[in-house]
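>>> need a structure here:
(chains A, B, C and D)
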Protein chains: 2
Amino acid sequence: MAGVDQSLVADLPMFAGLAPEQVDQLLQEAQSVRYPKGTNVFQQDGDAHSFFILLHGHLRVFKLTPDGQQVVVRFVSPGEVFGVAMAIGRTTYPATAQAVVDSIALVWPSAAWPRLVATHPGLAVNTLQTVGSRLQDAHTRVVEMSTEQVERRIAHAVLRLVRQSGRKVEAGVEIDFPITRQDIAEMTGATMPTVSRVLSAWESQGLVAGGRQRIVIREPHKLFLLAEGLPD
Amino acid sequence: MAGVDQSLVADLPMFAGLAPEQVDQLLQEAQSVRYPKGTNVFQQDGDAHSFFILLHGHLRVFKLTPDGQQVVVRFVSPGEVFGVAMAIGRTTYPATAQAVVDSIALVWPSAAWPRLVATHPGLAVNTLQTVGSRLQDAHTRVVEMSTEQVERRIAHAVLRLVRQSGRKVEAGVEIDFPITRQDIAEMTGATMPTVSRVLSAWESQGLVAGGRQRIVIREPHKLFLLAEGLPD
DNA sequence: CTGCCTGTTTGCCGTGGCGCAACCAAGTCC
DNA sequence: GGACTTGGTTGCGCCACGGCAAACAGGCAG
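Below you'll find the predicted structure:
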């Protein structure tokens, strides 16, 4: 509907190898939608009606267990594709995506997916790479949860957040969206009090600086060594 | 090289939606290779020279951590695609695949992948589904490791093995390849002694029956209830 | 300015499951 | 058929974490 500016998205990995006209074609079928902070873009087990590219903001994707516990699957940053349930053969979303700040996304109807990939085979190839790298991440996480204890898991989680959404500030690198200790707990399979204790310990060593829904990493390299289990 | 019989593989999900001639074409580029029990089909961090479809046997895919611990990623059953590192944009294998029994696989050179998907776009779509369902599995595993304690995790792991490779026998369902308690431990993030204790307890309740490298599930439904954390 | 709400800190206690280790059993190799 | 190897069992002590709960602090609304 709305004419979306090519220049915003042409360079995204999703469109790698496609001609500008092809990208235009695809964009013409998309809508740009606003999601205010706190709202859900889609819901676990809900009909997988659409797939998305995040233009602006940040999303928290989580799974809810039968007994009501949440597990954070990942955070979505601008430029990333998400909600590709249909492409991987599902009819419902496997998780919930929630805006942690006001966000904007491009939205395509899932129904269009088969036609789009038929017309632009590169889409399937690019999506395969995306899903593949998420598979890697998930496996990395499984390995970490199997072999590392809490402190190192938390260190790895924080470093991953830095890599993905780190913003340089005077004091170091800051994670550039609001994130709670509870979130970190749900990413690492720890409990909130435990995360709080670990971060407090790091803070007193000058490794990080805290704040309400804020984490600033002052010594990324030291944190890295800690994550790898190396001395000092 | 060797003419592989269509009928063996034509119905695999990997080839869904392809015409028989196309499948023939693909098969002509593949070689059929034997992997004796205990040998590695490919090795973690090794050059991703090939991708595969397992025709016969069973593989154990695992990751090795820097400090030498193994984590089992999955077991491969006949008919499954594996080693698709190249397709997901890697140049090396992220894990090691090892034959747990004498096995046979179809082997394609990775270098052929780009050409094959260009000629048969359905391949990318089908692979996307495969990788997608593995991503789901991995996420399920993360959720389990985050929220469940060992006994339930082991129950889930065993049930997954049953679903994937269960063979009906008089006493119940048997996992139809040799699997050790150590393997189960490496699938669930537990230690071998703990797995042994849990299985012994189940055995004394008549839930399962053991044996060297053997597990027979006598009461799948009761095990399921246990896995879900339901009483009795 | 004053509550209220949400997120954070901290303390204390209980325990699940790990580490270690000794012992045992079933194949298998010569 | 005996020795060796590989996998399984079981006991014991310990400690990292979770559970719970109370107290605390930013930040927003009225």
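>>> can stretch A:111-122 be found next to chain B?
Yes: Stretch A:111-122 is in contact with chain B by C-beta under 8 Å from any C-beta of the partner chain, via A:117-118, A:121. C-beta here means a position set from N, CA and C on the backbone, and glycine is covered the same way.
>>> Kindly report the residues of chain A close to DNA strand C.
Where proximity means C-beta under 7 Å from any atom of the strand, the interface of chain A facing DNA strand C comprises A:180-182, A:192-193, A:196-197, A:199-200, A:203, A:210, A:212-213.
>>> which of those residues has the most neighbours?
Counting neighbours by other C-beta atoms under 10 Å in any protein chain shown, A:Arg181 leads the residues of chain A next to DNA strand C with 22 neighbours.
>>> Return the set of buried residues in stretch A:96-116.
Neighbour counts using 16 or more other C-beta atoms under 10 Å in any protein chain shown place A:96-100, A:103, A:105-108, A:110, A:112-113, A:116 of stretch A:96-116 among the buried residues.
>>> Among the residues you listed, which lie within strands?
When DSSP state E defines the strands, the subset of the buried residues of stretch A:96-116 inside them is A:96-99, A:103, A:105-108.
>>> most residues in a single helix of chain A, which one?
What stands out as the longest helix in chain A, according to DSSP state H, is helix A:121-147.
>>> returning to what we had before: out of the buried residues of stretch A:96-116, which one sits closest to chain B?
A:Trp113 (9.8 Å; C-beta to the nearest C-beta).
>>> my guess is the closest one contacts A:Ala87, does it?
Yes: distance between A:Trp113 and A:Ala87: 5.9 Å, which falls inside the contact criterion (C-beta atoms under 8 Å).
>>> Find the residues that touch each one of the two.
By the contact definition C-beta atoms under 8 Å, 6 or more residues apart in numbering or on different chains, A:Trp113 and A:Ala87 are jointly contacted by A:Phe51.
>>> Out of the residues of stretch A:111-122 next to chain B, the closest to B:Pro220 would be?
Within these, distances to B:Pro220 taken as C-beta to C-beta reach their minimum at A:Val117, with 38.6 Å.
>>> check contacts around that closest one.
With contacts defined as C-beta under 8 Å, 6+ apart, A:Val117 is in contact with A:87, A:123-124, B:121, B:124-125.
>>> Ok, A:Arg181 next?
The contact partners of A:Arg181, by C-beta under 8 Å, 6+ apart, come to A:192, A:195-196, A:199.
>>> Take the residues you listed and write them to TSV, including pLDDT, secondary structure and distance to A:Ser7.
As requested, the contacts of A:Arg181 are exported to TSV (pLDDT from 0 to 100; DSSP: H, G, I helix; E, B strand; the rest coil; distance: C-beta to C-beta, whole Å):
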residue	pLDDT	secondary structure	distance to A:Ser7
A:Met192	97	helix	42
A:Val195	98	helix	40
A:Ser196	97	helix	43
A:Leu199	97	helix	39
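>>> farthest pair in the residues you listed?
It's A:Met192 and A:Leu199 that sit farthest apart of those, by C-beta to C-beta, at 10.6 Å.
>>> Now the nearest residue to A:Thr188 once chain neighbours are set aside: phi and psi?
Nearest residue to A:Thr188 in three dimensions, chain neighbours excluded: A:Arg153, at 4.4 Å (C-beta to C-beta, 6 or more residues apart in numbering or on different chains). With angles defined as degrees, to the nearest 10, A:Arg153 sits at phi -60, psi -40.
>>> wait, what's in contact with A:Arg153?
A:144-145, A:188-190.
>>> Could you export the residues you listed as CSV, including neighbour count and distance to A:Val131?
Formatted as CSV, the entries for these read as follows, by neighbours: other C-beta atoms under 10 Å in any protein chain shown; distance: C-beta to C-beta, whole Å:
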residue, neighbour count, distance to A:Val131
A:Glu144, 23, 20
A:Met145, 21, 21
A:Thr188, 27, 23
A:Gly189, 21, 23
A:Ala190, 23, 27
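>>> Pick the one among those closest to B:Pro66.
Ranking the contacts of A:Arg153 by separation from B:Pro66, with C-beta to C-beta as the measure, puts A:Glu144 on top at 11.9 Å.
>>> OK, contacts around the closest one?
Counting by C-beta under 8 Å, 6+ apart, A:Glu144 makes contact with A:152-153, A:156.
>>> just the residues you listed now: which is nearest A:Gln6?
Distances from A:Gln6 to those, taken as C-beta to C-beta, are shortest for A:His156 (36.8 Å).
>>> burial count for A:Ser50?
If you count neighbours by other C-beta under 10 Å, A:Ser50 ends up with 24.
>>> nope, A:Gln28 is what I meant
11.
>>> Okay, domains of chain A per the record?
Partitioning chain A according to automatic domain parsing yields domains covering residues A:6-134, A:148-227.
>>> quick one: the strands in chain A?
Taking DSSP E as the criterion, chain A carries its strands at A:31-35, A:40-42, A:50-56, A:59-64, A:70-76, A:81-82, A:96-99, A:103-109, A:166-169, A:172-175, A:208-209, A:216-217.
>>> Tabulate those in TSV, adding columns for distance to B:Gln31 and mean pLDDT.
Supplementary listing: those in TSV, determined by distance: least, C-beta to C-beta, whole Å; pLDDT from 0 to 100:
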stretch	distance to B:Gln31	mean pLDDT
strand A:31-35	48	95
strand A:40-42	44	97
strand A:50-56	37	97
strand A:59-64	41	98
strand A:70-76	38	98
strand A:81-82	35	98
strand A:96-99	43	97
strand A:103-109	40	97
strand A:166-169	46	94
strand A:172-175	49	95
strand A:208-209	53	95
strand A:216-217	50	96
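>>> Of the residues of stretch A:111-122 next to chain B, which is the nearest to A:Leu59?
Of all the residues of stretch A:111-122 next to chain B, the one with the least separation from A:Leu59 (C-beta to C-beta) is A:Val117, at 23.8 Å.
>>> what's the weakest-modelled helix or strand in chain A?
Least confident helix or strand, chain A: helix A:6-9 with a mean of 76, by mean pLDDT, DSSP states H and E.
>>> That helix packs against which elements?
Using 3 or more C-beta pairs under 8 Å, 6 or more residues apart in numbering or on different chains; DSSP states H and E as the contact definition, the elements that helix A:6-9 packs against are helix A:20-28, strand A:50-56.
>>> Now distance to DNA strand D too, for those, in JSON lines please.
What follows is the helices and strands packed on helix A:6-9, written out as JSON lines (distance: least, C-beta to the nearest atom of the strand, whole Å):
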{"stretch": "helix A:20-28", "distance to DNA strand D": "35"}
{"stretch": "strand A:50-56", "distance to DNA strand D": "19"}
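>>> Could you identify which of these is most buried?
Comparing the helices and strands packed on helix A:6-9 by mean neighbour count (mean count of other C-beta atoms under 10 Å in any protein chain shown), strand A:50-56 ranks first with a mean of 22.
>>> Work out the gap between it and the centre of the chain.
Computed by C-alpha atoms, centre = their mean, to the nearest Å, the chain-centroid distance of strand A:50-56 equals 12 Å.
>>> Just want the angle from that strand to strand A:103-109.
150 degrees (axes from the mean of the first three to the mean of the last three C-alpha atoms, to 10 degrees).
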